[in-house]
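Enquirer: got a sequence here, can you model it:
(2 chains)
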2 protein chains.
Amino acid sequence: MSTEQVLVSLPKKTAAPQHPLGPLTAAEISESARLIKGSWPSNTNVHFKSITLQEPKKSELVPFLTAEHSGQRTPTIERKSFVLYYLRNTDKLHEAIINLSAGKVESNLRLGPYIHSPADGDEIVKVEKIALEDKRVQAEIAKLQLPEGTVVISDPWIYGSDGIDEGLFTDAKRMFQCFLYIRDPNNASEPDGNHYAMPLTISPVVSAETMTVTRIDILPTGVDNTIKEPSPYKVQPPNEYIPEAQTLRTDIKPLNVIQPEGASFTVKNFSEQGHEIAWQKWDFKVGFNQREGMVLYDVHYDGRPLFYRLSLSDMNIPYADPRHPYHKKAAFDLGDAGAGIMANNLQLGCDCLGSIHYLSAILNDDKGEPLHMPNCVCIHEQDAGIGWKHTNYRTGRAAVVRNRELVLQSIITVSNYEYILAFQFNQAGEVMYEVRATGILSTQPIDEGISVPWGTVVHPGVLAAHHQHIFSLRIDPMIDGPINRVVYDEAHPMPRSDFNPHGVGYTVNETPVTISCGLDQNWDVNRIFKIQNAGVKNPINGKPVAYKIMAPPFQKMLADQDSFHFKRAEFADHNIYVTSYKDDELYAGGKYTNQSRGGTGVRAWADRKDNVLDDDIVVWVQFGINHVPRIEDFPVMPCEILKVALKPVNFFEKNPALDVPQSVQSFNKSVLASVNHGQETGEALVGKGGEVCCVKESSKL
Amino acid sequence: MSTEQVLVSLPKKTAAPQHPLGPLTAAEISESARLIKGSWPSNTNVHFKSITLQEPKKSELVPFLTAEHSGQRTPTIERKSFVLYYLRNTDKLHEAIINLSAGKVESNLRLGPYIHSPADGDEIVKVEKIALEDKRVQAEIAKLQLPEGTVVISDPWIYGSDGIDEGLFTDAKRMFQCFLYIRDPNNASEPDGNHYAMPLTISPVVSAETMTVTRIDILPTGVDNTIKEPSPYKVQPPNEYIPEAQTLRTDIKPLNVIQPEGASFTVKNFSEQGHEIAWQKWDFKVGFNQREGMVLYDVHYDGRPLFYRLSLSDMNIPYADPRHPYHKKAAFDLGDAGAGIMANNLQLGCDCLGSIHYLSAILNDDKGEPLHMPNCVCIHEQDAGIGWKHTNYRTGRAAVVRNRELVLQSIITVSNYEYILAFQFNQAGEVMYEVRATGILSTQPIDEGISVPWGTVVHPGVLAAHHQHIFSLRIDPMIDGPINRVVYDEAHPMPRSDFNPHGVGYTVNETPVTISCGLDQNWDVNRIFKIQNAGVKNPINGKPVAYKIMAPPFQKMLADQDSFHFKRAEFADHNIYVTSYKDDELYAGGKYTNQSRGGTGVRAWADRKDNVLDDDIVVWVQFGINHVPRIEDFPVMPCEILKVALKPVNFFEKNPALDVPQSVQSFNKSVLASVNHGQETGEALVGKGGEVCCVKESSKL
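Expert: Here you go, the predicted structure:
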């Protein structure tokens, strides 16, 4: 156990001007904690969950940003922090707003009774221990007759909720469900052994309030929900992922990305902890917080406003096994834990290639101290293949440019699982949000020789249950200004007529979304959602300027509409939600997702049936996968990649990447591969790598 | 006009052993032409269309390959060529089979009357000229009163078919529809000016048989199908794509891919013109032909058979404008022209980065001479980001590997448009087929100030009609052997019951496809198609070994079922077709697509209702886009990327990329970007780039 917290030692800095969007500084975090502690008797033990920037109201911030962009004097906006905390070892959860400018607690509310905070790292480690040190748990483990020296591992899971037994002193309390595993008994000293290959049937439940084991579940392992008493455990072969356990390939040669003149982007601080990135006509601010991790603000292209705020809003991972206690597995990895606090410390040369710039952040620990998060975001450029090409077949001259991308990447570890999260920008005015799902499947024991239709056996005695990953990307748009609408295009065949006598014609028609709602893709009519500014027309073709949303299809929440899974994951039933903007409506699953009961997220906001036509709107894009595990996904799964793209539609007057310099050898410096093995000379006739890529081509049409 | 044909001068070679899958050699092409010419009177002018390998019957080839893989003596298979030719300036189209081993014409059939060959480069250039030199065409152009010195360009288009006026001496003859454009009159000497920004209303039709103009169409330009007499042309501003016409960006810095030890793949000749590639447990043969371009044969992973043959089978691009003559625009770029013969001569440092190996090919010209196609395929490796990662939050140790890919890329120019076609292989046993659509939209004139729902105005006076790109990838599988089946998985909610009391359970169930047919995606049930070998079970979980097909959704053919577009594009109505294997059934739209009438492609083959359960089967995967042009797609469109992936499902026993060496700085040699502009020191805390990427991470859950 070494989730040691490196307390920040701040480098000496000259004070950067404070900015309303700047993440809290270490001093502001400390001051917020001090003010909260000061509002309680001095012997009160405060358990801090989150101390983060309380973003200004949009009505205040828009004038500020407008002034900032026009180089005018900016209005003063008070700095505020949001503090979420418990009185330690109680169920007394509070949310407070601190006015840092005024040095006072502005509000301080106790929440409850059905509202719970996310987990935190210290708490998780304590819960692990409590489960394993409990005498009754140890008695159950003893029944397994594990080999001497076996190491038992406890993985606390977010408890979920099902509406059953929710008296205020039972399941409505904040709990953790611990799943137990062992490391390979034949290699018990290996701290990085893959315990997920050896699940046990014993599952203690720990109260986060009293920090005691309140119940011990025995897990079902057959084709039905029969529970068998723990009996002697059969040790199966291990299934390790660490390189020492593999016979590694020896035939992969180095591939280095070299940027001899450095990177093409610039980074400057717009506040002590806030960063402004400029790259290839793009300009935006980057924040970082406990819950969302990276947040982008004030995104402009070539001086034109595009997005007020972009962030991953939440995700939900409901599982397919209907049996107790698995039926409650449905994690919200942002709301229940936090994409910021779980961010990996990225390592040069391990997590990206090329010229890398790292951003670090300051969050808080459970004592209210600043917590340094080193290298939690990496910024680099990548080559994404050809950007555009045309060869004039008459002259043989090719015009070709490469597609350079700017990537902001953060990698989060949520217990067994990893997500690689990245914003990507390109030279054609496109923004992408990419999720790579990797890490280790959540596993459970299964009897040998059986199979079940709600999971895949990935190792002897190990079941990985099917589950869905459903993400919600929050887009607060300002396409050429703050007043936007969502429309969708559909393509339909023309009916046969004198005008369409051959039955081949089709048209594309646009429908505006007028009232806040959830909307779905329909590939049979090529339904494409666009965020549009109806007040700004393209000067060439008169169409309103827009950005379209290109998201991959996915199966929506499978749990039925009366289930708690469905009620809680308020975003999981539609590809798109459109709501009217309200301050503080940031999280699609609601502000508090841990053991939540629904009714507080985007579905509820859409149900207000607000006007969303030519208004200040928010667009929520859902995407995901129904993860039916393959045995190839174990012990660590190859990345599954999901990508949402936002692309201009009649926003520019022509291809915005037309001014990218040509792709030429003098710039790219490729080489002929020396791979010949039995290959005859004369076979690889080399193109002349001239200054300009003007190819005299033979024999093309 | 310089579609000069570089006749091959063969380097001196020691004779490579001939192989049944080896593309024809220059000598074999010449010999095939000689034998055909010898079968006609000596004064016969033969117009050769295609001289290509006649691949052996599968019943012959499978024993050969089996013997080859086991190192045994291979049986003798006769070399045969397929020759398609006209008696020049007639409609007499013939297909012949030449037995090269025996030195004789084995069969020689005249085809017709409704069967036509694809176009060829010489023919296209002649048709261009004939259209422009025609006196009646010149008289029409004169009415436009173009500025003195204006250059008129003629783009011959595949004529299409509509079933109208198909007497044998009219539209059933082989024709070209020429679309006329001008280059910018103010820059008339620029041979690479973008004439697609200046379309004319005059469209001559040229007979490919008589090589004369048979009709002059005047194009509709309004909101209906009214035809206006040509009148003085209004010259609009140009819209050029060449770099000289741009103010280029100056802030993009070089990014070089350096492979200091060379590439990780090997290439050897398995025949004089055939190449065998080995890379990271992958092994396969590459052929190249006039129609399909790259063809992969005999694809193995770690010695296990996966695919007998992989190729792009065809594509169809039907347009949305229902008005004559646009209603006939529906090109089959492979069947009507040829992905091989249109392949670009790729240039070092322009079309890919890193250590590149080029393959060249030999096709034929219209006189039956060998035609050298230099650098028509490039092979290189690329870094595709993180392959898999897991961080043990207890120890902070991260295990991470990068995802290296092998790419075989070919770029084709089909008149105005480009496709970048690539097979990609990775270290997790996955094969991808990627299409990047780029190039210039097919444009037509439109009156100023109007808009129409079947196209987008992309420049003053220029309409780009909506159109679909529908591709068909042919997969001839041999997943662990030649007998395979297709199954599909679907995920469905469990009904509420005592077993599923909370309504959260779901199951995944598999359905086999028993009879040849077309099948569709259904994302609402997460329908996933797999190619499975029911006779080989995974040793761990007992599931049959399989590869799943991951293809993006698309809107299927919009033209109605009675239209010629629908009848001709036999693959365009279903995501998947499954047929029983028959020799010579290679092209989803039929063997002859030019002015075809349907009934000869995959829909017809599926209609045989053959058994496809545990048999020798072929799987056809369709994908595409409904391209509703944006103004950003002009004058050259940013690449639109489509990707089909084939991924193992219970084929291996664990993640097959587990043995990829860790991603470490000593191998990757990344650097800290020097991008600081106002950034304070201490901000970018660097991870130690040690030998092993063992990250001591702070403060994660």
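
Enquirer: mind listing the strands the helix or strand containing residue A:360 pairs with, and their directions?
Expert: Per DSSP states H and E: residue A:360 is located in strand A:355-364. Strand A:355-364 has the following sheet partners, assigned by DSSP bridges: strand A:370-391 (antiparallel), strand B:671-672 (parallel).

Enquirer: which one of the ones you listed has the poorest average confidence?
Expert: When those are ranked by mean pLDDT, strand B:671-672 comes last with a mean of 91.

Enquirer: that one: how far from the chain's middle?
Expert: Between the centre of strand B:671-672 and the centre of its host chain there is 39 Å, according to Cα atoms, centre = their mean, to the nearest Å.

Enquirer: what does stretch A:325-340 give?
Expert: 13 Å.

Enquirer: tell me which of the strands paired with strand A:355-364 lies nearest to residue B:303.
Expert: Closest to residue B:303 of the strands paired with strand A:355-364, according to Cβ to Cβ: strand A:370-391, at 31.2 Å. Just so you know, the C-beta spots here come from the backbone N, C-alpha and C atoms, and that holds for glycine as well.

Enquirer: now that closest one: how far from the chain's centre is it?
Expert: 16 Å.

Enquirer: where do the strands sit along the stretch 351-500 of chain A?
Expert: For the stretch 351-500 of chain A, the strands defined by DSSP state E, counting those that start in this stretch cover A:355-364, A:370-391, A:398-414, A:417-426, A:431-439, A:443-445, A:455-459, A:462-465, A:467-477, A:485-493.

Enquirer: touching chain B at all, the shortest one?
Expert: Translated: strand A:443-445. No - using Cβ under 8 Å from any Cβ of the partner chain, strand A:443-445 stays clear of chain B, coming no nearer than 13.1 Å.

Enquirer: rounded mean pLDDT for that strand, please.
Expert: 98.

Enquirer: what comes up buried for it?
Expert: Neighbour-count burial for strand A:443-445, with 16 or more other Cβ atoms under 10 Å in any protein chain shown as criterion, is recorded at A:443, A:444, A:445.

Enquirer: again with stretch A:179-196
Expert: Neighbour-count burial for stretch A:179-196, counted by 16+ other Cβ under 10 Å, picks out A:179-185, A:190, A:192-196.

Enquirer: report whether it contacts chain B.
Expert: Yes - applying Cβ under 8 Å from any Cβ, one finds stretch A:179-196 touching chain B at A:191, A:192.

Enquirer: endpoints of that stretch, how far apart?
Expert: Distance between the boundary residues of stretch A:179-196 (Cα to Cα, to the nearest Å) amounts to 10 Å.

Enquirer: that older thread, got the CA positions of the strand holding residue A:360 in CSV?
Expert: The C-alpha coordinates for strand A:355-364 follow below in CSV (Å, rounded to 0.1, in the frame of the first residue of the first chain):
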residue,chain,number,x,y,z
SER,A,355,8.1,16.7,-27.9
ILE,A,356,5.9,16.6,-24.9
HIS,A,357,4.8,19.3,-22.6
TYR,A,358,3.3,18.3,-19.2
LEU,A,359,0.8,20.2,-17.2
SER,A,360,0.6,19.6,-13.5
ALA,A,361,-2.3,20.5,-11.2
ILE,A,362,-3.1,21.1,-7.6
LEU,A,363,-6.0,19.3,-6.0
ASN,A,364,-6.7,18.6,-2.4
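
Enquirer: mean confidence (pLDDT) on it, please.
Expert: Per-residue pLDDT over strand A:355-364 has a mean of 97.

Enquirer: could you do stretch A:324-331 as well?
Expert: Throughout stretch A:324-331, pLDDT has a mean value of 97.

Enquirer: which one is residue A:209 nearest to, not counting chain neighbours?
Expert: residue A:91 (5.1 Å; Cβ to Cβ, 6 or more residues apart in numbering or on different chains).

Enquirer: got it, and residue A:599?
Expert: The shortest distance from residue A:599 to any non-neighbouring residue, by Cβ to Cβ, 6+ apart, is to residue A:567 (7.2 Å).

Enquirer: again, but for residue A:414
Expert: Per Cβ to Cβ, 6+ apart, closest to residue A:414 is residue A:333, 4.8 Å.

Enquirer: same thing with residue A:334?
Expert: Residue A:334 sits nearest to residue A:314 (Cβ to Cβ, 6+ apart), 4.5 Å away.

Enquirer: what residues are up against the one you found?
Expert: A:332, A:333, A:334, A:335, A:471, A:472, A:571, A:587, A:588, A:589, A:593 (Cβ atoms under 8 Å, 6 or more residues apart in numbering or on different chains).

Enquirer: for the residue of the stretch 501-650 of chain A found nearest chain B, give me its contacts.
Expert: Nearest residue of the stretch 501-650 of chain A to chain B: residue A:505, at 2.9 Å (Cβ to the nearest Cβ). By Cβ under 8 Å, 6+ apart, the residues touching residue A:505 are A:493, A:494, A:499, B:320, B:321, B:322, B:327, B:454.
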